[in-house]
Structure formats: structure tokens, C-alpha cells
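Here is a sequence together with a model predicted from it:
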Amino acid sequence: MSTVNARTRPPVTRALSVVVAGGGTAGHIEPALAVADALRALDPEMRITALGTERGLETTLVPARGYPLALIPPVPLPRKPTLDLLRLPGKLVRSVRRTKKVFSETEADVLVGFGGYVALPAYIAARCARDSRRIPIVLHEANASAGIANKVGARLATRVLAAVPGSGVSARGAQDAEIVGIPVRPTITGLNRASRRGEARAHFGLPADGPVLLVFGGSQGARSLNDAVSGAAAELAAAGVSVLHAHGPKNTVDVESIEGATTAYIAVPYLTRMDLAYAAADLAMCRSGAMTVAEVSATGLPAVYVPLPHGNGEQELNARPVVDAGGGILVQDAQIDASYVGSVIVDLITDTERIAAMSIAAGSAGHRDAAATVAEIVVDVASARPNESSLS
């Protein structure tokens, strides 16, 4: 956590202007918005602008949270040598030029970057101006293994923050990034699952009593989880386990008709009230993207983490600290089927003592104050920047 006392900061003559860059996926956008919320809590007059592109989820998520969105041309980074790689310099130049204009229009005092294809041109734009006009950068890496944008940005940043050690980013001259956890929105960090349980279950039409399994696979769902859990509907019902299942907007689940079942199987395309979903559940079964792990552990909800079976293995690394603390278990995607859910998951969720112990461990592994910590650091960095009047 930042140790700088707010009373020692240099006075500023106007409200600070902060630009956050974290577009593309929810894993980049949600931490950015969580920090924006924490900054507003520090100073309601603070001006906050989000950078994004017309392709990303930010076009809906950012306006819904009440922040202005400035669009820049996307600069996707090719992972293989293709013609797109030859076009990259031109795309990057156009995006940097537009980003510099946003900085000028907003009178930006600091850039907060969270990686992804929105962040790279922002990092370059912030540092390519003359020294007196350079914008300090606070960089945050949410994943256990950093992407290209943040590896580049870390070389330019004033402060480099990370969710966990060993992410592969560090500030100039530092051994490693400052570990702060992942910023999570206050509706999640402030959630009291026990006190909201009745309200949450009523909201979804779930029984007031008995264990509830929450299943979700990210914004698009996960077919392996969908097939495994829906295929075990009979076994879950027989054990008295209710299910709240977000299967993804393009997927469906085929739940067997169970005669005389006293439990519920609620299947929906997506969940707009994740806070209530966490409160309703006793156990989650989900992927292990960085943001998912951060939110689930922040609420103290035990989880069965099923990392994506492809990629660079970062999803398993994301979940490892919570699993090692006892707040969850890791299961490979190839192991998940109806038989596993009907036996192992049923045994776990109906073991109330084990679930209670896992809940305590999950809560202790989370970083509920990460957003506030990052916000304090952002204000410290921005306040240390010389006023333009002092440079003239």
C-alpha cells in the first residue's frame, strides 16, 4: 500500500486530469474503472477520461459507469509474422498522434495504463513529447505473465505496479514491480455475502436454503463448463445443490428435466449483477482470468478454477496464489466432465466445514484495498509533476 501521506502532497491549482488506458477486454477495463472510482472518491472534482477504441467493450462499459470515453485507432499486436506486422508502424503512428491530441485536450496530468492494445500507443504518446510536456505514467499489470504492451510501457513508466510477484514488469532500475493486487470495483470489495444472501437468492429465483453452485466462463461462456455442469444436473439436484449458470450469450445449456426436484437450475446468457451472484453462491466454478480471480477472492467465495486450455499458461498462474492459500482448487479443462461435477464437485460443495474454511482462505488471499492504493499512487505521481507555469 502507498505510504505517502495525502497532507504532504504539493498543492495543485486545479483539479487533476487523469487518463486511464485499459480498453479491449473486461480484464483491462474493469481495473481501470475501479481505479477511476477510487480517484473520484478521493476528489469528486477530479477529471477522468478513459481511452478506448470502437472495437472494445469499453464503448458500453465506460459510458455506463459515467466516464467520458476518447476513442483512438486500435493497434493490435500481431503474434505471428504476417502482413499486419508490416502495417504496424503506420497504425501505431496514427494512434499515437491521436492519443497526444487527447492528452492535450484533457490537459492530462498523468496516464494510468493497464495493458492491451489501447495502452501501447498511450505509453508512447505520454513519453515522446519534450521533457517539459511529458506525462508521467503509472502502469499496472494484472496478469501473472505480462503482455507485450506492458513490457514496453514498464520501461517508460514512473511507477510500475503488479497484482502478483514475477509478472515480468518492473520500473527502471527496480528488481520487481510494486505488488498491490488487482483493483476491484467497490460493489465487489464492499460486498457482505452473508448479509446479502437472502436478497441475492430471491433476485435469481433460487431456494433460500441449501448450497448454490455459481458457474460462469467469462463474457462468452465456456463450453466445457457448460457441458459438464448441465450434464450433471440430475446428480446436483439429488444432492440438494442449486445452480446459477451463466452460459454465455451465444451458447445454450440442455438441462435434463428432473421430476420432483426441489432444487433450481437457473441458466442465463449472462449476469448483470455479479455482486448478487457472488452473494447467492457457496462455490464458484469458473475460468481463472486475472479479473475473475481478483473478484471471486475479494468476496471470499471459494472456487474451482478451470484455466483456459490454450495460451501461455497465465490463467493457471493467476489462480495459483489463491489456490496455494487454500481458497480454491485448480482443475485442468480436460478433467472437467459431468462425472467429475457429479462426484467431486458435489462432495465439495456439500462439505460445509471445508467450504467455510476455503471461504476464509479466499478472503485472506484477496486485495480489497488495491483500487484505493493505486489511486493514492496516481495522485502522488500527478501532484509531483511540475506545473506548466513553473516551466515557462
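Yep, that arrived. Numbering: from 1, shown residues only.

Arg193 reaches Leu301, doesn't it?
Yes: Arg193 lies in contact with Leu301 (Cβ atoms under 8 Å); the separation is 6.9 Å. Any C-beta I mention is one placed from the backbone N, CA and C, and that applies to glycine too.

what's the burial count for Ser383?
By the measure other Cβ atoms under 10 Å, the count of residues near Ser383 is 17.

any idea of the pLDDT on it?
pLDDT, Ser383: 88.

Phi and psi next, for it.
phi -70, psi -20 (degrees, to the nearest 10).

That one and Thr373: what is the separation?
16 Å (Cβ to Cβ, to the nearest Å).

swap in Gly311?
Gly311 sits 28 Å away from Thr373, going by Cβ to Cβ.

The stretch 251-392 of the chain: strands as residue ranges?
When secondary structure is read from DSSP state E, counting those that start in this stretch, the stretch 251-392 of the chain shows strands at 265-268, 283-286, 303-305, 328-330.

Please spell out which residues along the first one are buried.
Applying a neighbour-count criterion of 16 or more other Cβ atoms under 10 Å, one finds Tyr265, Ala267, Val268 buried in strand 265-268.

between those residues, which is nearest Val75?
Minimum separation from Val75 among those (Cβ to Cβ) is found for Val268, which lies at 34.9 Å.

Now do the same contact list for that closest one.
Leu244, His245, Ala246, His247 (Cβ atoms under 8 Å, 6 or more residues apart in numbering).

low-confidence ranges in the stretch 101-250 of the chain?
129-132, 171-175, 218-221 (pLDDT under 70).

Which parts of it are helices?
Using DSSP state H, counting those that start in this stretch, the helices of the stretch 101-250 of the chain run over 119-127, 148-154, 186-189, 193-204, 223-231, 233-238.

Quickly compare the ones you listed and say which is most buried.
Among these, helix 119-127 has the highest mean neighbour count (mean count of other Cβ atoms under 10 Å), at a mean of 25.

from the middle of its chain, how far away would it be?
On the basis of Cα atoms, centre = their mean, to the nearest Å, helix 119-127 sits 21 Å off its chain's mean C-alpha point.

Next one: the residue nearest to Asp333 when sequence neighbours are not counted from Thr252, what distance?
Residue nearest to Asp333 in three dimensions, not counting chain neighbours: Pro309, with 4.0 Å by Cβ to Cβ, 6 or more residues apart in numbering. Computed as Cβ to Cβ, the Pro309 to Thr252 distance reads 22 Å.

and if you look at Val241?
According to Cβ to Cβ, Val241 and Thr252 sit 21 Å apart.

picking up where we left off before, out of the strands of the stretch 251-392 of the chain, which is closest to Glu199?
Nearest to Glu199, of all the strands of the stretch 251-392 of the chain, is strand 265-268, at 15.5 Å by Cβ to Cβ.

Adjacent strands (with direction) for the closest one?
Strand pairing for strand 265-268, using DSSP bridges, gives strand 242-246 (parallel).

Going by residue numbers, what spans are strands in the stretch 51-200 of the chain?
69-71, 110-113, 137-141, 159-162, 178-179.

Would you format the ones you listed as a markdown table with mean neighbour count included?
A markdown table is the format used below for the strands of the stretch 51-200 of the chain (neighbours: other Cβ atoms under 10 Å):
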| stretch | mean neighbour count |
| --- | --- |
| strand 69-71 | 18 |
| strand 110-113 | 30 |
| strand 137-141 | 28 |
| strand 159-162 | 26 |
| strand 178-179 | 16 |
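
Next, format the ones you listed as a markdown table and append distance to Arg273.
Below are those laid out as a markdown table (distance: least, Cβ to Cβ, whole Å):
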| stretch | distance to Arg273 |
| --- | --- |
| strand 69-71 | 23 |
| strand 110-113 | 27 |
| strand 137-141 | 26 |
| strand 159-162 | 29 |
| strand 178-179 | 31 |
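
what about Asp254, how many neighbours?
Using other Cβ under 10 Å: Asp254 sits among 10 other residues.

next one: Thr272
Thr272: 8 neighbours (other Cβ under 10 Å).

show me what contacts it?
By Cβ under 8 Å, 6+ apart, Thr272 lies in contact with nothing.

swap in Ile182?
By Cβ under 8 Å, 6+ apart, the neighbours of Ile182 are Pro31, Ala142, Ala163, Ala290, Met291, Val293, Ala294, His367, Ala370.

Quick check: closest non-adjacent residue to it.
Ala294 is the one closest to Ile182 (Cβ to Cβ, 6+ apart), at 3.7 Å.

any idea how far that neighbour is from Ala239?
Relative to Ala239, and taking Cβ to Cβ, Ala294 is found at 30 Å.

Neighbour count: those two, which is higher?
Each of Ala294 and Ala239 has its neighbours counted (other Cβ under 10 Å); Ala294 has more, 29 against 17.
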